[in-house]
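Q: Prediction below, plus the sequence it came from.
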Amino acid sequence: MTEQSYLNGKHHGHTKGWYSPDRLSWVQQYINGKQTSYKQYFRTGSKRVDTSFKGGKPVLKSTWDEDGNLIESETF
């Protein structure tokens, strides 16, 4: 399942996807068609990936394991 928000024909606000009705899989944030963030979650609900965007391009990506330990951080 997914949910997307638009304003004047462009992505604006949150776009969400679920594993199931009660388990969030990912969330993207857009402002006027440009992506500002992306977060992905394990089925357990803990954070898996967190990516920040500037001007619609990724600038920082952090990745965690299922125990919540930061395993990678990339700057673009």
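A: Received, thanks.
Q: which stretch of helix or strand covers Pro26?
A: Actually, residue 26 is Trp rather than Pro. Here Trp26, judged by DSSP states H and E, is contained in strand 23-31.
Q: Run through who's touching that strand.
A: With contact meaning CB atoms under 8 Å, 6 or more residues apart in numbering, strand 23-31 is reached by 5, 10-19, 35-41, 43, 45. From N, CA and C alone the C-beta is placed, and that goes for glycine too.
Q: ditto for stretch 52-70
A: Counting by CB under 8 Å, 6+ apart, 33-38, 42, 44, 46-51, 71-76 sit against stretch 52-70.
Q: Give me the distance between the two termini of it.
A: By CA to CA, to the nearest Å, the extent of stretch 52-70 from end to end equals 16 Å.
Q: likewise stretch 40-53?
A: 14 Å.
Q: Find the nearest non-adjacent residue to Ser52, please.
A: Excluding the flanking residues, the one nearest Ser52 by CB to CB, 6 or more residues apart in numbering is Leu60, at 4.6 Å.
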